[in-house]
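Engineer: I'd like to go over a predicted model; first the sequence, then the structure.
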Amino acid sequence: MFFMNSGNKVDLKINIIGPMGTGKTSLLNQYVHKWFLNDYQNTLGAHLLSKTIQLDNTNLNLQIWDTGGQERFRTLVSTFYKGSDGCLLVFDVTDEESFACLEFWRKDFLDKIPPPAADFPLIVLGNKIDLNDRQVSKESAMTWCKGKKVSYLEVSAKNNVNVELAFEILAKKALIHYQENKESCLGESIKLYATEDSHSNTCC
């Protein structure tokens, strides 16, 4: 959800979703705070961090929701999807099961953001590329993402590889998506106003 404020400022709601243990919280803390911890407790529900960046002469305030990946919090977590402007879908390249779950998470998210959009800004992130015991190849991940028409990026929260790039690419996609929707809504509003005005004149 976007709100236009003074000074050409836009607020974006971003969700980070995916199975438990894929490093969602690590990615968020690396991006916002520039730190990495080896030991994290599982996120219970969701928590929010914010960061302001400048993009195309616009100040973007990213409101980033880190959501838990545990099954028992699934219903609760999905309530945080509403009003989202962009999504990072994360899996662990050392965990083949987390990759196999991507379609479930993608569909669940898109089903819960009214109205669902085929071109909704969503990027898949393959995290933990710094580890040696890789189970999901880059080629496999790229093939899957190509079939779903979504972007793919490999990242490492620990070594800060492509983390900032991932968030900024998503922010740019979300801003473009917003601008297109704003123009569409404006056109519909003008059409509605003209129709009502025309009807009123006919009645007179």
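Structural biologist: Cool, got the structure.

Engineer: Where does pLDDT dip in this protein?
Structural biologist: For the chain, the stretches with pLDDT under 70 are 1-7, 39-46, 69-78, 116-117, 182-204.

Engineer: who's the residue nearest in space to the middle of the chain bridged to?
Structural biologist: By C-alpha atoms, centre = their mean, the chain has its centre lying nearest to residue 87, at 1.2 Å. Note on residue 87: beta-bridge partners residue 15, residue 122, judged by DSSP bridges.

Engineer: Number of residues surrounding residue 64?
Structural biologist: 22 (other C-beta atoms under 10 Å). No exception for glycine: its C-beta is placed from N, CA and C like everyone else's.

Engineer: what's the answer for residue 79, then?
Structural biologist: 11.

Engineer: same thing with residue 161?
Structural biologist: So residue 161, with other C-beta under 10 Å, has 17 neighbours.

Engineer: With adjacent residues omitted, what lies nearest to it?
Structural biologist: Counting by C-beta to C-beta, 6 or more residues apart in numbering, residue 155 is the residue found nearest to residue 161 once chain neighbours are left out, at 5.8 Å.

Engineer: pretty sure residue 126 is in a helix, no?
Structural biologist: No - Residue 126 is assigned strand when assessed by DSSP: H, G, I helix; E, B strand; the rest coil, not a helix.

Engineer: thought it was touching residue 151?
Structural biologist: No - counting by C-beta atoms under 8 Å, residue 126 sits too far from residue 151 to count as a contact (11.6 Å).

Engineer: Show me which of the two is the more surrounded one.
Structural biologist: residue 126 (28 against 17).

Engineer: residues contacting that one?
Structural biologist: Neighbour list for residue 126: 91, 92, 93, 99, 136, 138, 141, 152, 153, 154, 155 [criterion: C-beta atoms under 8 Å, 6 or more residues apart in numbering].

Engineer: Would you map the helices across the chain?
Structural biologist: 24-33, 74-78, 96-100, 102-111, 138-148, 163-203 (DSSP state H).

Engineer: Just give me how far stretch 47-67 sits from the chain centre.
Structural biologist: Distance of stretch 47-67 from the chain centroid (C-alpha atoms, centre = their mean, to the nearest Å) equals 11 Å.
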